[in-house]
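Peer 1: 3D model of this:
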Amino acid sequence: MTRNRATKIVATLGPASSAQAVIDALHRAGADLFRLNFSHGSYEDHAARLRLIREIETQNGCSIGVLLDLQGPKLRISTFETGRAELATGASFVFDQDPTPGDSRRVCLPHPEIFAAAGIGDILLVNDGLLRFKVTGVSLTRIVTEVVVGGIISDRKGVNVPSVALPLPALTAKDRADLEFGLAQGVDWVALSFVQRPEDLHEARALIGKRAKLIAKVEKPSAVDRIEEIIDAADAVMVARGDLGVELPPEYIPAIQKRIVRLCREAGKPVIVATQMLESMVASASPTRAEASDVATAVYDGADAVMLSAESASGKYPVEAVSMMNRILEHTEADPSYRQLMHAVAPLDRADTTDAIGAAIRTITGVMPVSATVTYTTSGATALRVARERPVSPILSLTPDKAVARQLALSWGISSLEIDGAHTAEDMVSKASATAQAHGFTQASKPILVAAGMPFGTPGSTNLLRVVWPSAQ
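Peer 2: A predicted model of the protein is given here:
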């Protein structure tokens, strides 16, 4: 199923989008990859949704990616005697390790790592930053704070410590169990939550091996501080602006988002912009104008994908949200200034044949009309390096590996299909031409470009570029 745009849509599945008819409608409306959020739902729920995705994939003859999003080490306070308490600004409040239900003076915080790392003057945020506390005293079992911003505090609200890199495990026991379950089900991508350092990704990759690709979710200031190393260690990056916006001032987020998108484009790795993109569509049939502009900004920056969370998982208008996102992407990419703005910061090329061919494709498609660029790839590397250049033509990636085809569903401009490998250059040209024509990628009087590596089946050996005119197809 071809799209009239290059930027991809990631849609989260949940209670509002579990039926086959709804998932199929989401895909037809524009969803290229589906996210299974393991912070919610049972194994049975996720397995059923994944089976439906694969059935829809087979029916439509396309490649649909599936993303497993791990919960990560979520920090929460414990409970209160009455379920909640009201805290006055300026009052003293204590976080301790006493399991007794809390009140307006104290509450249990069952995370020893916070007590070990926090210092006087540090800030604790509760309930997505709605309540703010300044540490005035600390021991291994007790943190005394001043309430900087008060209000209602209630059971099991989340806690953030933005100024401290906490000694948290990259993967909790729940994450490890969820990971093994998801890999056994055949997910294509795994997103690691609350990444703080590149070593977190090394630990996850050791467990995943080659069974899936790994996404680093950037939602901690400590991850921003080491972002180049994290990008190098990951296969893709998600700018998770929800928690990141809690731990950093809101005015910091736009510049961080642009920087991460630029660095990922330079590295040739997919980058997703996520969280609150069309948030009002959880309850409304249309977004705000500011939300539409937010989505368009990610497109102008050249992000590979934008993501819907609650909008498609639990909102009232899941299909409408995907359809609206699709229309925003199409209209933005049709803007004459789109390519000028996206190419304002051009990625640096490496001194190798793969990037030389990618640069050549960008130049050719900018000089003359081209129906499509067809890439042969066993690992996905050729398609990714071509997509990194953001050529004018659509990219049709042909691979003998179904998992690779599904993984490439996340990447800018790529439509990927599983196909038997070619054995000679002429066989490659013939199959490329026939497949492009069969799937609507060819146009009269316009050539296709064919990129591959010789010898065939050798990852990272892209060294061949052919211009194939209709008479030769």
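Peer 1: I figured P15 was touching G315, is that so?
Peer 2: No. Assessed by CB atoms under 8 Å, P15 is found out of contact with G315, at 9.9 Å. Every C-beta, even on glycine, is put in place using the N, C-alpha and C of the backbone.
Peer 1: Of the two, which one has the most company?
Peer 2: Neighbours per residue (other CB atoms under 10 Å) separate P15 from G315, with G315 holding more: 24 against 12.
Peer 1: can you give me phi and psi for the more buried one?
Peer 2: Backbone torsions of G315, given as degrees, to the nearest 10, read phi -80, psi 170.
Peer 1: Could you do A285 as well?
Peer 2: Dihedral angles (degrees, to the nearest 10) for A285: phi -80, psi 0.
Peer 1: Not counting residues beside it along the chain, what's closest to it?
Peer 2: With CB to CB, 6 or more residues apart in numbering as the criterion, A285 has its nearest non-adjacent residue at 5.3 Å, and that residue is Y317.
Peer 1: Which pLDDT value belongs to that neighbour?
Peer 2: Looking at Y317, its pLDDT reads 98.
Peer 1: The closest residue to C108 other than its chain neighbours: what's it in contact with?
Peer 2: Nearest non-adjacent residue to C108, counting by CB to CB, 6+ apart: S78, 3.7 Å away. By CB atoms under 8 Å, 6 or more residues apart in numbering, the residues touching S78 are 99, 101-102, 107-110, 155-156.
Peer 1: Using CSV, lay out those together with distance to S163 and neighbour count.
Peer 2: Output for those, formatted as CSV (distance: CB to CB, whole Å; neighbours: other CB atoms under 10 Å):
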residue, distance to S163, neighbour count
P99, 27, 10
P101, 29, 15
G102, 24, 25
V107, 21, 26
C108, 22, 17
L109, 16, 24
P110, 21, 14
D155, 26, 16
R156, 23, 11
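Peer 1: from those, which single one is nearest A321?
Peer 2: Nearest to A321 among the contacts of S78, counting by CB to CB, is R156 at 28.1 Å.
Peer 1: The spatially closest residue to that closest one that is not a sequence neighbour pairs with what?
Peer 2: In space, R156 comes closest to R76 once its chain neighbours are excluded; the distance is 4.9 Å by CB to CB, 6+ apart. On the basis of DSSP bridges, R76 is bridged to G158.
Peer 1: Can you give me the neighbour number for V237?
Peer 2: A count of neighbours around V237, defined by other CB under 10 Å, yields 27.
Peer 1: who's it bridged to?
Peer 2: Note on V237: beta-bridge partners by DSSP bridges are A216, V271.
Peer 1: and the next element down the chain from the top helix by length along the chain?
Peer 2: Criterion DSSP state H: the longest helix present in the chain is helix 43-60. Moving toward the C-terminus from helix 43-60, the next helix or strand (DSSP states H and E) is strand 65-69.
Peer 1: which residues in the stretch 301-450 of the chain form strands?
Peer 2: For the stretch 301-450 of the chain, the strands defined by DSSP state E, counting those that start in this stretch cover 305-308, 372-376, 395-399, 414-418, 448-453.
Peer 1: Pick the most buried one from those.
Peer 2: strand 372-376 (a mean of 28; mean count of other CB atoms under 10 Å).
Peer 1: returning to what we had before: among the strands of the stretch 301-450 of the chain, which is nearest F194?
Peer 2: strand 305-308 (16.9 Å).
Peer 1: which secondary structure elements does that closest one contact?
Peer 2: Secondary-structure packing of strand 305-308 (3 or more CB pairs under 8 Å, 6 or more residues apart in numbering; DSSP states H and E): strand 8-13, strand 271-274, helix 289-301, helix 318-333.
Peer 1: how far out from the middle of the chain is that strand?
Peer 2: 7 Å (CA atoms, centre = their mean, to the nearest Å).
Peer 1: Neighbouring strands of that strand in the sheet, and parallel or not?
Peer 2: Strand 305-308 has its sheet partners listed here by DSSP bridges as strand 8-13 (parallel), strand 271-274 (parallel).
Peer 1: what about the longest one, average pLDDT?
Peer 2: If you average the pLDDT over strand 8-13, you get 98.
Peer 1: Run the chain-centre distance for it.
Peer 2: 9 Å.
Peer 1: next SSE after that strand?
Peer 2: Next helix or strand after strand 8-13 toward the C-terminus (DSSP H and E): helix 20-29.
Peer 1: T145 touches D96, doesn't it?
Peer 2: No. Contact criterion CB under 8 Å: T145 and D96 do not qualify, at 11.1 Å.
Peer 1: what about these two, which has more around it?
Peer 2: T145 (22 against 19).
Peer 1: The more buried one looks like it's in a strand, true?
Peer 2: Yes. Under DSSP: H, G, I helix; E, B strand; the rest coil, T145 sits within a strand.
Peer 1: check contacts around it.
Peer 2: Counted by CB under 8 Å, 6+ apart, T145 has contacts 92-95, 124, 133-136.
Peer 1: before we move on, the earlier item: out of the helices and strands packed on strand 305-308, the one nearest V374 is which?
Peer 2: Using CB to CB, the nearest of the helices and strands packed on strand 305-308 to V374 is strand 8-13, at 18.9 Å.
Peer 1: who's in contact with that closest one?
Peer 2: Counting by CB under 8 Å, 6+ apart, residues outside strand 8-13 touching it are 17, 23, 26, 30-37, 49, 67, 69, 272, 274, 304-313, 318, 322, 325-326, 329, 409-412.
Peer 1: you'd agree the residue nearest to C108 is in a helix?
Peer 2: No. Under three-state DSSP, S78 falls outside any helix and is assigned coil.
Peer 1: Check the gap between it and I114 for me.
Peer 2: Look at S78 and I114: by CB to CB, to the nearest Å, they are 13 Å apart.
Peer 1: my guess is F133 is in a strand, correct?
Peer 2: Yes. Counting by three-state DSSP, F133 is part of a strand.
Peer 1: Do you know the pLDDT at the residue nearest to it when sequence neighbours are not counted?
Peer 2: Distance criterion CB to CB, 6+ apart; nearest residue to F133, sequence neighbours excluded, is T145 at 3.8 Å. The model reports T145 with a pLDDT of 98.
Peer 1: Repeat that for H343.
Peer 2: Listed pLDDT for H343 reads 85.
Peer 1: thought it was touching P391?
Peer 2: No. The pair H343 / P391 is not scored as a contact, 11.0 Å apart, by CB under 8 Å.
Peer 1: Between those two, which has more neighbouring residues?
Peer 2: More crowded of H343 and P391, by other CB under 10 Å: P391, with 24 against 14.
Peer 1: What's the per-residue pLDDT of the more buried one here?
Peer 2: Confidence for P391, expressed as pLDDT, is 95.
Peer 1: how about it, what does it touch?
Peer 2: P391 sits next to 361-362, 365-366, 370, 373, 413 when contact means CB under 8 Å, 6+ apart.
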